[in-house]
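In: sequence? don't have it. structure:
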């Protein structure tokens, strides 16, 4: 008598794949669910069922494309030596900046005003109006030919005066001020500043700041656009010079925004700007780490930084204490935000990490996945048809 044959039950697989257990024991005893050995061209749904993965088609052609960012209205990517943007996939992308060094990854940070800051380790800037602009005017390094001299023209009282200069951009951003020069008028007169440097790209003039006689506060006297300027009277009102002893943000491998500060990882150094400024205080606006930084991800209550291991900085970076949260590092290029959850993720050397706004981190792969040796990664967060996924390519 022939016995009845029943179809075997497969799945569901709510925990997905596992390559640590032997193939004859693919079962999670704690969760009491089956596990997958491999899953090719399929997605594991939230219920643990399998569905065929949707296909992909090329929308934009390029020669060496990488470093993609998409905002609500615009996309940016690097193609060879060009930084490009697109607003409509049916139109050819436009070049934002040319002449970049090939192969350098670009890191981005979108501002609340819709601008995008970017850096690739060699350049740092902001994208606006379809072009790449300096993040801030550069510092004025006064060459030997710059001089502040006494002149008979003017009505400045006798006394000691302090003079400083700073480049200014068309939108009013002021760069780091030059070192202060002191000049004494023995009799009433004026001051002549000569030999000012040529205006660099992105600037429209040089702010000339002068103190009152024997004063300490420097106020803007005038904006010079030529190599010389004459101060005929010390200002009694005007814009105060607030960029003395400041420096521009350096280029680095990662750029992010948090709490009104710009964060830039340069090698193993994390630099942060002054609050709501594009400049930094170089004597204290940095945190050194024991190894190159591979992840900087802000959340609502602090910032995660990964170097030799993962660290959590609650609240303000300038005041927070360094708190290790994971004893291992991460791969550069694979990290980001999790939308609508006030959380972030990154690809560690032991799998994908999910971290919340309170300093709590969780490795979601290590128990079931042995990833082997990895040297680089790229990835992003996607949501399609109700399925939320962190997709990482880590060869």
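Out: Everything's here; your move. Here the structure is a predicted model, which means the values were calculated and not measured.
In: low-scoring stretches of the stretch 1-150 of the chain, by residue?
Out: Applying pLDDT under 70 to the stretch 1-150 of the chain flags the ranges 1-9.
In: quick check: closest non-adjacent residue to residue 210.
Out: Closest residue in space to residue 210, ignoring its immediate chain neighbours: residue 221 at 4.6 Å, by C-beta to C-beta, 6 or more residues apart in numbering. Heads up, the C-betas are built off the backbone N, CA and C, glycines and all.
In: how about the spatially closest residue to residue 262 that is not a sequence neighbour, what does it touch?
Out: In space, and not counting its chain neighbours, residue 262 is closest to residue 273: 4.2 Å by C-beta to C-beta, 6+ apart. By C-beta atoms under 8 Å, 6 or more residues apart in numbering, the residues touching residue 273 are 249, 261-263, 279-280, 285.
In: what about residue 111, neighbour count?
Out: 12 (other C-beta atoms under 10 Å).
In: tell me how far the residue nearest to residue 262 lies from residue 124.
Out: 11 Å (C-beta to C-beta, to the nearest Å).
In: okay, and the common contacts of those two?
Out: Shared contacts of residue 273 and residue 124, counting by C-beta under 8 Å, 6+ apart, come down to residue 249.
In: quick one, phi psi at residue 271?
Out: Phi and psi for residue 271, reported as degrees, to the nearest 10, are phi -100, psi 140.
In: how about the contacts made by it?
Out: Neighbouring residues of residue 271 by C-beta under 8 Å, 6+ apart: 249-250, 252, 263-265, 280, 285-286.
In: quick check, nearest of the residues you listed to residue 234?
Out: Of all the contacts of residue 271, residue 280 has the smallest distance to residue 234: 30.1 Å, by C-beta to C-beta.
In: and the closest one, how close does it get to residue 246?
Out: Per C-beta to C-beta, residue 280 is found 7 Å from residue 246.
In: shared neighbours, these two?
Out: residue 274.
In: re earlier: closest to residue 156 out of the contacts of residue 273?
Out: Using C-beta to C-beta, residue 279 comes nearest to residue 156 of the contacts of residue 273, at 29.7 Å.
In: who does the closest one bridge with?
Out: Residues in a beta bridge with residue 279, per DSSP bridges, are residue 248.
In: which ones are touching it?
Out: The contact partners of residue 279, taken as C-beta under 8 Å, 6+ apart, are 136, 175-176, 243, 246-249, 273.
In: could you check how far the closest residue to residue 315 other than its chain neighbours is from residue 295?
Out: Using C-beta to C-beta, 6+ apart and skipping residues adjacent in sequence, the residue nearest residue 315 is residue 302, 6.1 Å away. Plainly put, residue 302 is 14 Å away from residue 295 if you go by C-beta to C-beta.
In: of the two, give the one with the bigger neighbour count.
Out: Between residue 302 and residue 295, counted using other C-beta under 10 Å, the more crowded position is residue 295 (28 against 23).
In: so which residue is dead centre in this structure?
Out: Centroid-nearest residue in the chain, with C-alpha atoms, centre = their mean: residue 255, separated by 1.3 Å.
In: does it touch residue 120 like I think?
Out: No: between residue 255 and residue 120 there is no contact under C-beta atoms under 8 Å: 9.5 Å.
In: and the end-to-end length of stretch 64-81?
Out: End-to-end distance of stretch 64-81 (C-alpha to C-alpha, to the nearest Å): 9 Å.
In: can you list the buried residues in it?
Out: Within stretch 64-81, the residues scored as buried using 16 or more other C-beta atoms under 10 Å are 67, 69, 74-79, 81.
In: where do the contact lists of residue 255 and residue 120 overlap?
Out: residue 107.
In: dump the residue contacts of residue 70.
Out: Per C-beta under 8 Å, 6+ apart, neighbours of residue 70: residue 76.
In: my guess is residue 260 meets residue 275, correct?
Out: Yes: with contact defined as C-beta under 8 Å, residue 260 reaches residue 275; the gap is 4.4 Å.
In: ok, back up a step: and the contacts of residue 271 as JSON lines, adding distance to residue 357?
Out: Shown next, in JSON lines, are the contacts of residue 271 (distance: C-beta to C-beta, whole Å):
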{"residue": "249", "distance to residue 357": "25"}
{"residue": "250", "distance to residue 357": "28"}
{"residue": "252", "distance to residue 357": "25"}
{"residue": "263", "distance to residue 357": "17"}
{"residue": "264", "distance to residue 357": "22"}
{"residue": "265", "distance to residue 357": "21"}
{"residue": "280", "distance to residue 357": "26"}
{"residue": "285", "distance to residue 357": "24"}
{"residue": "286", "distance to residue 357": "25"}
